[in-house]
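Novice: Sharing a model prediction with you, sequence too.
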Amino acid sequence: MNIGFSTLALFMKPIDEMLNIAKKDKFNMIELLTEGFYSPEYLLKNKEMLEPFKSYDFDYYLHAPTVDLNIASINRGIRKESIRQTLRTLDLANEIGAKAITIHPGQIGRIEDRIRKMALKLTTESIKECVEYAEGMETKVSVENMPGKPKFLCTKPEELTKIVEETNCSVTIDLGHANTCENTPEFLEIPNRAYCHLSDNDGIKDQHTILGKGTLDLNLLKQVQNGILELNNYQKVLESKKVLEKIIN
């Protein structure tokens, strides 16, 4: 298994410092969370900040911005801006040679079946636009499954599978998210998997807990080829890495 971590755990540290920490602790993948100071717009305007990526031999992945964005929004202006920022994430990914960008499929503002159907149609159109934009790039557009709450899309394997079939996107399987949904193992059967987000929880709430401290079936980790530890504290990352190494060795 290739193991990396999300820069969520080191958020606001300089890029070169985060990459140096990853090298010191013998990771071979890293996912840059492109929010705030690391937004695609800002980094592409300040390309000198990207220089450190050339000095390390990691597999790079990006998590596209999600704060205040929604590619499934029925508000045309919000959806258009959400797509634009996702396309800029692809530009950034292409600049540093990232293998994939993870995007959220969006959410609905009102819990109604007709709104959900409309949002699924809109997010499929948005994702298709992003996949077409990425043609010719090395970077894949990878859609993430979401926690088991009614407002989120792609909380069921069949919803995400249908999007894959209609757009030819890749998928990022978040096992922490899947653990809050029914039929957790079925998410790993979805085709076109790019990589996985790894964390644990109580099976109810997406808590980003250390692996082994929640209810996630750790045997599922044996099916993971590329795993990004997505935790909000670097010590938790290191503790989860030890758990992973015991499982794969």
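Specialist: Perfect, I can see it now.

Novice: Next up, the contacts around the most centrally placed residue in the chain.
Specialist: For the chain, residue 102 is the residue whose C-alpha lies nearest the centre (Cα atoms, centre = their mean; 3.8 Å). Counting by Cβ atoms under 8 Å, 6 or more residues apart in numbering, residue 102 touches 31, 61-64, 142-144, 172, 194, 197. Every residue, glycine included, has its C-beta placed from N, CA and C.

Novice: Mind checking which of the residues you listed are in helices?
Specialist: Assigned to helices by DSSP state H, none of the contacts of residue 102 qualify.

Novice: The residue nearest to the centre of the chain sits in which helix or strand?
Specialist: If you go by DSSP states H and E, residue 102 is part of strand 100-103.

Novice: one step back: ok, the contacts of residue 102 vs residue 94, which is closest?
Specialist: residue 62 (10.2 Å; Cβ to Cβ).

Novice: Residue 140 versus that closest one, what's the distance?
Specialist: Per Cβ to Cβ, to the nearest Å, residue 62 is found 11 Å from residue 140.

Novice: Looking at those two, which is more packed in?
Specialist: residue 62 (27 against 23; other Cβ atoms under 10 Å).

Novice: quick one: pLDDT of the more buried one?
Specialist: Looking at residue 62, its pLDDT is 98.

Novice: Is it correct that it is in contact with residue 30?
Specialist: No. Judged on Cβ atoms under 8 Å, residue 62 makes no contact with residue 30 at a distance of 9.8 Å.

Novice: Not counting its neighbours along the chain, what's nearest residue 189?
Specialist: Once flanking residues are discounted, residue 189 sits nearest to residue 157: 7.0 Å by Cβ to Cβ, 6 or more residues apart in numbering.

Novice: Could you count how many residues lie near that neighbour?
Specialist: The tally of other residues near residue 157 (other Cβ under 10 Å) stands at 22.

Novice: For the helix or strand hosting residue 165, enumerate the helices and strands it packs against.
Specialist: Per DSSP H and E: residue 165 is located in helix 157-167. Helix 157-167 sits against helix 113-133, strand 140-144, strand 170-174, with contacts defined as 3 or more Cβ pairs under 8 Å, 6 or more residues apart in numbering; DSSP states H and E.

Novice: Looking at these, which is nearest to residue 241?
Specialist: Ranking the helices and strands packed on helix 157-167 by proximity to residue 241 (Cβ to Cβ) places strand 170-174 first, at 17.5 Å.

Novice: Next up, phi/psi of residue 107, please.
Specialist: Main-chain torsions, residue 107, degrees, to the nearest 10: phi -150, psi 170.

Novice: Which residues are in contact with each of residue 62 and residue 140?
Specialist: In contact with both residue 62 and residue 140: 100-101, using Cβ under 8 Å, 6+ apart.

Novice: ok, residue 58 - contacts?
Specialist: By Cβ under 8 Å, 6+ apart, the contact set of residue 58 is 4, 19, 22-23, 27-30.
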